[in-house]
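Undergrad: my questions concern the predicted model and sequence given below.
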Amino acid sequence: TELLSGGGTVPDGLAVDVTDTICRMRGTDHQPPRCAALGGRIGERVACQIYEWRPNPCRELEPHSDACQRARVRHRLAPLQD
């Protein structure tokens, strides 16, 4: 329901189907993972190119959260400091 075709805001071309009811952002299942909507260079400067229309999992990932810190470790980045 988050894709444009389902009444949502996420462009269909940026997602791939996982099941009949679940999709994920294109690129997040690659190694290393990189969302198709992420612009810039990790570790320098990045930004979501569809920030206003991003899906719920992206809205739930808050700076300094445990999930954010784990993602930074996966990309060999220093933890964010408070």
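TA: Great, that's in hand.
Undergrad: what about the helices in this protein?
TA: Secondary structure of the chain (DSSP state H): helices at 56-60, 66-74.
Undergrad: so for Val46, which of those sits nearest?
TA: helix 66-74 (11.4 Å; CB to CB). C-beta here means a position set from N, CA and C on the backbone, and glycine is covered the same way.
Undergrad: need the mean per-residue confidence for that closest one.
TA: Across helix 66-74, pLDDT averages out at 88.
Undergrad: got the contact list for it?
TA: Residues outside helix 66-74 that contact it (CB atoms under 8 Å, 6 or more residues apart in numbering) are 32-33, 60-62, 78-80.
Undergrad: at 6 Å what do you get?
TA: 61, 79 (CB atoms under 6 Å, 6 or more residues apart in numbering).
Undergrad: now do that helix: distance to the chain's middle.
TA: 13 Å (CA atoms, centre = their mean, to the nearest Å).
Undergrad: do the same with stretch 52-63
TA: Chain-centre distance of stretch 52-63: 7 Å, with CA atoms, centre = their mean.
Undergrad: alpha carbons only: can I get that stretch in CSV?
TA: Provided in CSV are the C-alpha atoms of stretch 52-63 (Å, rounded to 0.1, in the frame of the first residue of the first chain):
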residue,chain,number,x,y,z
GLU,A,52,9.1,13.2,1.8
TRP,A,53,7.7,10.0,0.2
ARG,A,54,9.9,7.4,2.0
PRO,A,55,8.3,4.2,3.2
ASN,A,56,7.6,3.4,6.8
PRO,A,57,10.7,1.4,7.6
CYS,A,58,12.8,4.4,6.6
ARG,A,59,10.6,6.7,8.8
GLU,A,60,11.2,4.4,11.7
LEU,A,61,15.0,4.5,11.4
GLU,A,62,15.9,7.4,13.6
PRO,A,63,19.4,8.9,14.0
